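S.K.: what's the 3D shape of this:
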Amino acid sequence: MKDAVFAGNKKTSKLVTKLDSIYDLDQSIREQCKQIATNYYSVCKDTILHIDSLYLIKLVSVIDQYGFPTDKDYDNSIPGHMPNFLWVICHNKTQINQIIIPALEDAVLHNSLHPQLFSFIRGGNNETYQYQEFGLGYSIELNGDLYVFNLKDETIKGKINSNREKYMLDDLDSYNEKIKFQYFNPEFKLLYSIMFSSIQMDKETTAMLSEKWKDAKVTEYNIR
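M.R.: The predicted model follows:
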């Protein structure tokens, strides 16, 4: 039994090491490009896209060999923090459907990937959808203030809720209530931190958007 446990720990360590190394490579090209220009992505876009695709293939190969990692594989994982290796997938918007989505769906089914993270990866990278696939675009933090927008189109909301139910996610209204609750109670981890979209704007733009979105602003007095 001890040998089996040791073998399992050794396998987990090797898996994490390999995934972390791929993420480090993913970041290294970006760090190198930052030395060239502040708008590094526009300058190095073609190079980054090409290298990202190679790292995705390498990532898929590792997952095929060792299986999809869980939070338990990362002993020092931060609660509510998306594992870094998933960013390698996020950086491949045009390829994830063909290459990795089936593996992600299988990971959700076998409790290796949280449905929230799946919705972030899938909903945030599908460039062909005509509505928010999982409803992730109806809340945003602007310079620290939270805005949650009410989706009035019941047809679109029905499609979103159908997508969410398929992957064991709660409905859109319940999800937005969790957004509001965690905003005022950050000590509770109902949602992964990545689910909170945040933007920083200059004073003039902030004032304009604040006025435009004033009915959607969430305070402790109108949280419900």
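S.K.: What sits closest to Phe184 if chain neighbours are left out?
M.R.: Leaving out its chain neighbours, the residue that sits closest to Phe184 by C-beta to C-beta, 6 or more residues apart in numbering is Glu220, at 6.0 Å. No exception for glycine: its C-beta is placed from N, CA and C like everyone else's.
S.K.: Please read the previous query as pertaining to Met168.
M.R.: Pro115 (5.1 Å).
S.K.: Quick check: phi and psi on Val218?
M.R.: phi -100, psi 130 (degrees, to the nearest 10).
S.K.: Which of the helices or strands spans the residue nearest to it when sequence neighbours are not counted?
M.R.: Once flanking residues are discounted, Val218 sits nearest to Leu146: 4.5 Å by C-beta to C-beta, 6+ apart. Using DSSP states H and E, Leu146 sits in strand 145-148.
S.K.: Same check on Glu141?
M.R.: Per DSSP H and E, Glu141 falls inside strand 139-142.
S.K.: I'd like to know which elements that strand is packed against.
M.R.: Helices and strands touching strand 139-142, by 3 or more C-beta pairs under 8 Å, 6 or more residues apart in numbering; DSSP states H and E, are strand 145-148, helix 172-184, strand 198-199, helix 203-212.
S.K.: which one of these lies closest to Lys157?
M.R.: helix 172-184 (6.0 Å; C-beta to C-beta).
S.K.: residues of the closest one that come out buried?
M.R.: Leu172, Tyr175, Asn176, Glu177, Ile179, Lys180, Gln182, Tyr183 (16 or more other C-beta atoms under 10 Å).
S.K.: re earlier: pLDDT averaged over the strand holding Glu141 - what is it?
M.R.: Strand 139-142 shows an average pLDDT of 94 in the prediction.
S.K.: Would you check that Gly137 makes contact with Ser197?
M.R.: Yes - counting by C-beta atoms under 8 Å, Gly137 touches Ser197, with 7.5 Å between them.
S.K.: mind showing which ranges of this protein have poor pLDDT?
M.R.: 1-11, 75-79, 95-97, 124-131, 221-224 (pLDDT under 70).
S.K.: How far does the host helix or strand of Leu59 sit from its chain's centre?
M.R.: Using DSSP H and E, Leu59 sits within helix 40-66. Centre-to-centre, helix 40-66 and its host chain are 17 Å apart (C-alpha atoms, centre = their mean, to the nearest Å).
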